[in-house]
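Engineer: fold the following for me, if possible:
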Amino acid sequence: MSQTEDLDDSTAPLIEHLAELRTRLIRSVIAFIIAITVFFIPIQGEFIAVHVLNFLMAPIVDTLRELGDPSPTLQYTSPQEYLFTLFRISMVFGFALAFPVIGFQMWRFVAPGLYRQEKNAFLPFLVASPVMFLLGASFAQFVVTPLAMAFFLGFADVSSVLAIVFGNPETLPDGAVITPEAATEGPTITFFGKVNESLDITLKFIMAFGLCFQLPVLLTLMGKAGLVSSEGLGNVRKYAMVGILVLAAVVTPPDVITQLILFTVVYGLYEVSIWLVRGVEKKRDAKLREEGFFDDEDDLGDLPEEDLK
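Structural biologist: Next comes the predicted model:
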C-alpha cells in the first residue's frame, strides 16, 4: 500500500469527526437562536424578556420602596439601550434555556469516544453542573443581591429624589421628608438608576455565585480523575479559607454581612467537596480490590515493621 493510500485512510476518520462536529454545532446554534426568540414572545402586552428584567430588578425596586420611594424608576439614556438590554437578557437566559439541547449535542459528540465506565462517570456531572449553577444563581438573586442593594442604596438621599419627582415638599407622601439643609445648603445627590448598569450588577452576582457553586462538581470530577485527593484538599484547607475570603471581598460589596454569607456558603461547599472526593476514593479503592489490583496486605506492605506489630 502506498503512502498516499495510508494518508487517505487516516484522514477519513478525521473528516467524519469534523462533519459530526459541524452537525452538532449547527443544531446547538439553532437551539440557541430559537431560545433567544422565545424571550421576544409577548405575554400580557410585554415581551417575556421584559418580565425577566422586572424579576431581576426586583431587589433594587424593593429596596427603594423600603427607603421611602413609592414609585421606583429606572432610566435609559440612549435610544437603543433598552432594546440592547432586552437582547442581552434574551441571550443570557436563552443560553440557559437551550443548555439541555447544547449539552445533549456535546454529549452525543463525546460519548462515542468514551468507555462505558467513563460515560457512567461523566454523565452525572453533566447533569449536576446546571443544577448547582441554578442553586447559586437563586442564592444570588434572593439573598445576596437584596443585601447588596440595601447596602449601596442606603447611602442615597431618597427624600431628595422624591422632592424632584413630586415637585415640592407639600406633595410628598407620608413618611418622606426633605430637610431645608438638604434643599438649600448643599448639592442634591440623587439616585437615577440606569437599566443596563443595574442589570449588570445583578448578572455579575448571578454569574459569580453560579460559578462558585460549581466547586463541588469541579473538585469531585478532578478527584474521580485522580488529579486531587481528599487528603490533599484537607491539607490546604487554611489556604482555601484565605482564597475564599479574598473571593468574598472581591465579589461582594464592602458589607461584612454579605461577605460572611458568601464565605460561609463557599467554604461549606469546599468541605462538601472533600467529603465527596473521599467517597469517590473509597469507591475506587473498593473496585480495585474486587478486581485484584491490590488488597489490604499490599497496603500494609510499605509500613515499617514496628508499625505492623
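Engineer: check which helix or strand covers the residue most central in space within the chain.
Structural biologist: Nearest to the mean C-alpha position of the chain, by C-alpha atoms, centre = their mean, lies Gly210 at 1.9 Å. Per DSSP states H and E: Gly210 is located in helix 195-212.
Engineer: could you point out which element follows that helix?
Structural biologist: helix 215-224.
Engineer: tell me what that following helix is packed against?
Structural biologist: Helix 215-224 sits against helix 116-139, helix 256-290, with contacts defined as 3 or more C-beta pairs under 8 Å, 6 or more residues apart in numbering; DSSP states H and E. C-beta coordinates here come from the backbone N, C-alpha and C atoms, glycine included.
Engineer: quick one: these as CSV, columns for mean pLDDT, mean neighbour count and distance to Phe47 too.
Structural biologist: Output for the helices and strands packed on helix 215-224, formatted as CSV (pLDDT from 0 to 100; neighbours: other C-beta atoms under 10 Å; distance: least, C-beta to C-beta, whole Å):
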stretch, mean pLDDT, mean neighbour count, distance to Phe47
helix 116-139, 83, 15, 21
helix 256-290, 85, 16, 32
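Engineer: let me know the secondary structure of Ile89.
Structural biologist: Following DSSP: H, G, I helix; E, B strand; the rest coil, Ile89 is assigned to helix.
Engineer: could we number from 55 for the rest of this?
Structural biologist: Okay, residue one is now 55; in that scheme the one you just asked about reads as Ile143.
Engineer: return the distance of it relative to Leu301.
Structural biologist: As defined by C-beta to C-beta, to the nearest Å, Ile143 lies at a distance of 26 Å from Leu301.
Engineer: more neighbours, the two?
Structural biologist: Ile143 (23 against 16; other C-beta atoms under 10 Å).
Engineer: Val92 is in contact with that one, correct?
Structural biologist: No - checked against C-beta atoms under 8 Å, the pair Ile143 and Val92 is beyond contact range at 11.7 Å.
Engineer: any idea which helix or strand carries the closest residue to Ile311 other than its chain neighbours?
Structural biologist: Nearest residue to Ile311 in three dimensions, chain neighbours excluded: Leu201, at 6.4 Å (C-beta to C-beta, 6 or more residues apart in numbering). If you go by DSSP H and E, Leu201 is part of helix 199-207.
Engineer: how big is the angle separating that helix from helix 249-266?
Structural biologist: Inter-element angle recorded for helix 199-207 and helix 249-266: 130 degrees (by axes from the mean of the first three to the mean of the last three C-alpha atoms, to 10 degrees).
Engineer: what about the helix holding Gly264, average pLDDT?
Structural biologist: Mean pLDDT, helix 249-266: 87.
Engineer: return the set of buried residues in it.
Structural biologist: 249-250, 252-253, 255-257, 259-264, 266 (16 or more other C-beta atoms under 10 Å).
Engineer: low-confidence ranges in the chain?
Structural biologist: Within the chain, the stretches with pLDDT under 70 are 55-66, 171-172, 175, 209-243, 307-309, 346-363.
Engineer: with just CA atoms, put stretch 191-199 into CSV.
Structural biologist: The C-alpha coordinates for stretch 191-199 follow below in CSV (Å, rounded to 0.1, in the frame of the first residue of the first chain):
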residue,chain,number,x,y,z
ALA,A,191,-28.0,31.9,40.8
SER,A,192,-31.1,31.6,43.0
PHE,A,193,-28.9,32.3,46.1
ALA,A,194,-27.5,35.4,44.5
GLN,A,195,-30.9,36.7,43.3
PHE,A,196,-32.9,36.1,46.5
VAL,A,197,-30.2,36.6,49.2
VAL,A,198,-27.0,38.4,48.1
THR,A,199,-28.4,41.0,45.7
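Engineer: can you name the residues in contact with that stretch?
Structural biologist: Stretch 191-199 has contacts (C-beta atoms under 8 Å, 6 or more residues apart in numbering) with 110, 113, 255-256, 259-260, 262-264, 267, 306, 312, 315-316, 319.
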